[in-house]
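Participant: Quick check, what structure comes out for this input:
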Amino acid sequence: MTNKRSLRQLVGPVGIGYLRRAVPPGWVWTVLAALVAAACLIELPASAAMALLASAVVVHWPRRKRPSLGYWRLLGLVLLGLLAWAPEPDVLSQWFEHGLAIALLALAGVSALTHVLQARRLSRRLQQAADAMDDNRLLELLPGDAARLARSWTAGDDSHADELAVVMHLAVMHAALAPQMQGGAVKA
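Facilitator: Below you'll find the model as predicted:
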């Protein structure tokens, strides 16, 4: 006689899975930090331009197959480019260039930090919602065939464990995100 297993074992860490997809992995952070540090050795506008590119990578990481800078980052890069190639007749234009570079550096940092904090907050909420589900609720989330396979898995049949784990994870993510949805956008 086998002991009945809990479906929670198949679900896995929902919040951590979301966070892994929402923010870049450690090696990307390392590369971005090295590039920004290298740009700091050149001059302030180059640092701002690299920080804008790095923040775009961080913020748009979940949509990395369709890369995008975003409008304000693109506008910032264009302005920095124009100021870099424009003749500098006086100190005021240089002051404006450096002021703009500092403002864009700050915006890039705040943008990336805000994205990471929102992703962490949402991953915690997803994990809490997933942890609150018991086996009966988990079975209700599954379509007929998957529910049947889940029942046989709890009885000891491991023949479809890998496929069932994927379906369970997706079902729990969907159910955990459902209350977070408001007007088509996820609340963070």
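
Participant: wait, doesn't residue 104 sit right on residue 48?
Facilitator: Yes: counting by C-beta atoms under 8 Å, residue 104 touches residue 48, with 4.3 Å between them. C-beta coordinates here come from the backbone N, C-alpha and C atoms, glycine included.

Participant: overlap in contacts of those two?
Facilitator: 76, 80 (C-beta atoms under 8 Å, 6 or more residues apart in numbering).

Participant: Residue 138 - how many residues pack around it?
Facilitator: Residue 138 sits with 21 neighbouring residues when counted by other C-beta atoms under 10 Å.

Participant: actually residue 97, not the one I wrote
Facilitator: 21.

Participant: biggest helix in the chain by residues?
Facilitator: helix 91-131 (DSSP state H).

Participant: so where do the strands sit in this protein?
Facilitator: 181-182, 185-186 (DSSP state E).

Participant: Just give me the lowest mean pLDDT stretch among the ones you listed.
Facilitator: Lowest mean pLDDT within those: strand 185-186, at a mean of 51.

Participant: quick one: buried residues of stretch 96-115?
Facilitator: Buried residues in stretch 96-115, counted by 16 or more other C-beta atoms under 10 Å: 97, 100-101, 104-105, 107-108, 111-112, 115.

Participant: Tabulate the residues you listed in CSV, adding columns for pLDDT.
Facilitator: Converted to CSV, the buried residues of stretch 96-115 look like this (pLDDT from 0 to 100):
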residue, pLDDT
97, 83
100, 90
101, 91
104, 94
105, 94
107, 95
108, 95
111, 95
112, 95
115, 95
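
Participant: Between the residues you listed, which sits nearest residue 63?
Facilitator: residue 115 (11.9 Å; C-beta to C-beta).

Participant: Just to check, that closest one is in contact with residue 23?
Facilitator: Yes: between residue 115 and residue 23 a contact is recorded at 7.4 Å, counting by C-beta under 8 Å.
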